[in-house]
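Chemist: Sharing a model that was predicted from the sequence below.
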Amino acid sequence: MAGNAVQRQTVLSLRETIARIEDRGLQGCARAVAKAADPAGFRRGKEEASRPEVLPLGVPKLDEVLNGGLPFGGMMEIRNAETRDAGAAVGFVAALAALYQRQKKESGCLAPVLWISQTLAAREAGQPYAPGLKAYGLDVQRFLFVSARTVKDALWIAETALSVPVFAAVVLEIRGNPASLALSESRRLHVRARAGGVPLLVFRQAGEEEASSAFFRFQVKPAPAGERPLPDGSVLCGSIGHPVFHLLVEKSRLQASDDIFLEWNAHDRRFYALDERWNAALQTNDEPTDPVDPLSASAGRSHRAHSLGRLLAFPRAS
Amino acid sequence: MRLVALDTVAERVGLKRGQGAAEARAMCPSLDVIAFDPAADQAFLEALADWCDRYTPLVALDGKDGLFLDITGCAHLHGGEKALVSDVLSRLFSLGVEARATVSSAAGLSWAATRYGDADVIAPGDGDPLLAPLPVAALRLPAETAAALERVGLKQIGDLLEAPRAPLARRFGSILLLRLDQARGLEEEPLSPRLPVPSFSAERRLAEPLQDEEYILELTRHLARDVRSSLERHGEGGRLFELLLFRVDGRVFRVRAHAAVPLNDAIRIAALFRERLQAVHDDLDAGYGFEIVRLSVLRSERLDPAQQDFSGVPDESQPLAAFVDKVSARFGPDCLMQATLMESHLPERAGGFAAVTDVAAILGSPPLGERAFPENRPLRIFAHPEPVEATAEVPEGAPRSFNWRKTRYRVARAEGPERVAAEWWIDGEGHPTRDYFRIEDQEGRRFWLFREGLYGRETASPRWFMHGVFA
């Protein structure tokens, strides 16, 4: 009987350790740290208690996958498969940065966004363009851009930036899967970002799926945009409206059930879930009439049947 | 080949400047002739001028082979004028440099005495008797004036001192009397120092040379504390700092560090140099160590002391400024950039990036109005538009398909054209007009293409370019 209790105690403490590593609350087990008063005997500051834990995106399907919304602090990874799809992924990352910036602004401080880009990445997929970023909803007066020659320089700048609590978001744009950004480095950045309370968006341009410490990993694919709405409620035929992203959730706490299609409205600065019919249309119309060189099968595609469970430990892609 | 300069041994043998090298070799077979390299000589003289910075910040170059040091108010730091001259000469001798030096109250007198006399320190008032026996060339006169004086028999400066001034001026020009008065100390002669004199500086002379970077940084922090007190007295903060490291063998290293906001905090100043020294690590060869370390403030700005309030809310600009300093100290000031918007029709001119200059503006300036710039601009543009092969149904219309980076894209939808004419007031006339199209291909990628040149009017076969990528 006593042995059983000891075993249970061990299991419980192990669970607690895992929960602490994964930074998530264990149900039915209040954290001892949170309740303790500070040494002076005062309750913790109100602003700390009332600070929102996550930034909801307003799209129920995505918020569910994200466990409520985007976290403040910590690392998220966004990747795209091919360089020519980089536009969509840039758009998604910039939209997230704009959301963080807007949230900061609403809470009363104008915070800059830092975009760290490997020089090679900027050369392949283009340089950020200030008028475009402005039209997209970012505050360009508070947009800092760093062009780092090597991945190592970029990592150094990112780490330095995460310890400064002024940025609304830090974007680290890396091309491919360099050996100098492996699991241990991503773990280090993740811990630093969580400690500093700064969201770090790792944007892996034309990269493979690779094990990392990020909370989430999305693959972003291009998707046809909607059409421009007219004042009478109809749409302007043949026009290109708000950008649409095709999101594949590759890593999250909850398994994503389906592909997610999002539309970014720069004017409202928020995402809208796209109608299901888009989804259906894309599923049936998968084969283009003039196929551009066929893509390699995406490993994390969630509507594909998995033969032997889910692949969790990826080999090094670099 | 002719000889331009000689060392003491060669002069003793009897060689002359301007002599042919072959003739000189015949006179002295063991002669070592080195090709004349004016640039290297100049560089060496400037290195020596740097080295002389240890005595006074006011060092001026004088022609090809001389230096003026303004030691007003500095001599007592080195044990008096005589001790200073002997210190300079003995140190230069140990560096292998043959040098002569004279201290006097006038630059012209020092020049004359160094090159033609043998006194090392001339007290004020002793100038005229010393000048009298020297040749007129000692007055730094143009060659033809000196030759004209020689011709009329005025060979020594003493002859000029006795002669009436007005006829001299009429015959030989005002330059003669100016030089004469400068040598006698009657006319002020400004020296133009090579480098601006720093407004604040602190230095440490070390008995034991320093090699380790950690110690240099530690010393920098001490120096920064010294500088801080004088900065605070003037209510200023430094924007540009310079660390001078005098190596024992005479080389001088200058390491500069910019600060994003006026600084007077010793720890922040030392932190700037921590990153700078990391960045210049390979170029900074400590060798046998540094004997003098000096920290100067080259540019300073007003810094109002700010009191921290009781709410404990930290000033946000400080950590950002520290970050900007850290990054630009390590990777150069152009590494960290800020988005800028310009009023221009040409897309590549309308938006760009510039080095961060004003940290306070990043956090404080109000956001721009909504309607100041055109919508429908891509998130990214290519620095150099990439040529594509496009086929269009009608000459002036949008493309049906195009080849970009060896891949074929079929256009599903297109918006445009948006016609952008060249800016003739900058580029001049004759630049082709561009027609921009927003394009979505069949898989949903959105691109920004333009056709350069108008059909018929500007060109017969316009070319297509990929300029940007939309979200």
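Modeler: Structure received.

Chemist: show me the contacts for the nearest residue to B:Cys52 once chain neighbours are set aside.
Modeler: Leaving aside its sequence neighbours, B:Cys52 sits nearest to B:Val59 (CB to CB, 6 or more residues apart in numbering or on different chains; 4.8 Å). Quick note: C-beta positions are derived from backbone N, CA and C, even for glycine. Contact analysis of B:Val59 by CB atoms under 8 Å, 6 or more residues apart in numbering or on different chains lists B:49, B:52-53, B:67-70, B:193-195.

Chemist: Restricted to helices, list those.
Modeler: Here DSSP state H is the test, and the contacts of B:Val59 give B:49, B:52 as lying in helices.

Chemist: of all the contacts of B:Val59, which comes closest to chain A?
Modeler: Chain A has its nearest neighbour among the contacts of B:Val59 in B:Leu195, at 31.4 Å by CB to the nearest CB.

Chemist: Let me see the contact set for that closest one.
Modeler: Contacts for B:Leu195 (CB under 8 Å, 6+ apart) come out as B:57, B:59.

Chemist: Report all helices and strands that the strand or helix carrying A:Val146 contacts.
Modeler: According to DSSP states H and E, A:Val146 maps onto strand A:143-148. In terms of contacts (3 or more CB pairs under 8 Å, 6 or more residues apart in numbering or on different chains; DSSP states H and E), strand A:143-148 is packed against strand A:113-118, helix A:119-125, helix A:151-162, strand B:336-341.

Chemist: That one: partners in the sheet, and parallel or antiparallel?
Modeler: Applying DSSP bridges, strand A:143-148 is found paired with strand A:113-118 (parallel), strand B:336-341 (antiparallel).

Chemist: Comparing those strands by mean pLDDT, which bottoms out?
Modeler: Here the lowest mean pLDDT among those goes to strand B:336-341, at a mean of 89.

Chemist: then the strand holding A:Val146 to PDB, C-alphas only?
Modeler: Backbone C-alpha positions of strand A:143-148 (Å, rounded to 0.1, in the frame of the first residue of the first chain) are rendered in PDB as follows:
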ATOM      1  CA  PHE A 143       9.800  48.600 -37.900                       C
ATOM      2  CA  LEU A 144      13.500  47.800 -37.500                       C
ATOM      3  CA  PHE A 145      15.300  45.600 -40.000                       C
ATOM      4  CA  VAL A 146      18.600  43.900 -39.500                       C
ATOM      5  CA  SER A 147      20.400  42.200 -42.400                       C
ATOM      6  CA  ALA A 148      22.700  39.600 -40.800                       C
END
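
Chemist: just the angle between it and helix A:151-162, please?
Modeler: Angle, strand A:143-148 to helix A:151-162, by axes from the mean of the first three to the mean of the last three CA atoms, to 10 degrees: 150 degrees.

Chemist: Can you mark which positions in strand A:143-148 are buried?
Modeler: For strand A:143-148, a neighbour-count test (16 or more other CB atoms under 10 Å in any protein chain shown) marks A:143-148 as buried.

Chemist: Which one of these is nearest to A:Ser117?
Modeler: The nearest member of these to A:Ser117, counting by CB to CB, is A:Ser147 at 5.8 Å.

Chemist: any idea of the mean pLDDT for the longest helix anywhere in chain B?
Modeler: In chain B, with assignment by DSSP H, the single longest helix is helix B:213-234. Taken as a whole, helix B:213-234 carries a mean pLDDT of 90.

Chemist: now for it, which elements pack on it?
Modeler: If you count contacts as 3+ CB pairs under 8 Å, 6+ apart, helix B:213-234 packs onto strand B:200-210, strand B:236-247, helix B:266-279, strand B:290-302.

Chemist: re earlier: sitting in strands, which of the contacts of B:Val59 do you find?
Modeler: Among the contacts of B:Val59, the members found in strands (DSSP state E) are B:67-69.

Chemist: Could you measure from B:Phe447 over to A:Asp258?
Modeler: To A:Asp258, B:Phe447 is 28 Å away according to CB to CB, to the nearest Å.

Chemist: Between those two, tell me which one has more neighbours.
Modeler: Higher neighbour count among B:Phe447 and A:Asp258: B:Phe447, with 23 against 14, using other CB atoms under 10 Å in any protein chain shown.

Chemist: How many residues are close by the closest residue in space to that one that isn't next to it in sequence?
Modeler: What sits nearest to B:Phe447 in space, not counting adjacent residues and going by CB to CB, 6+ apart, is B:Ile439, at 4.9 Å. B:Ile439 has 24 neighbours, counted by other CB under 10 Å.

Chemist: Pretty sure B:Ile439 sits against B:Arg451.
Modeler: No - the pair B:Ile439 / B:Arg451 is not scored as a contact, 11.6 Å apart, by CB atoms under 8 Å.

Chemist: distance of A:Arg123 from A:Lys105?
Modeler: 32 Å.

Chemist: Can you list the low-confidence ranges for chain B?
Modeler: Low-confidence segments of chain B, defined by pLDDT under 70: B:307-317, B:369-373.

Chemist: all strands in it, in order from the N-terminus.
Modeler: Using DSSP E, the strands of chain B run over residues B:59-62, B:66-69, B:200-210, B:236-247, B:252-263, B:290-302, B:336-341, B:351-355, B:380-392, B:399-404, B:407-420, B:434-441, B:446-452, B:463-469.
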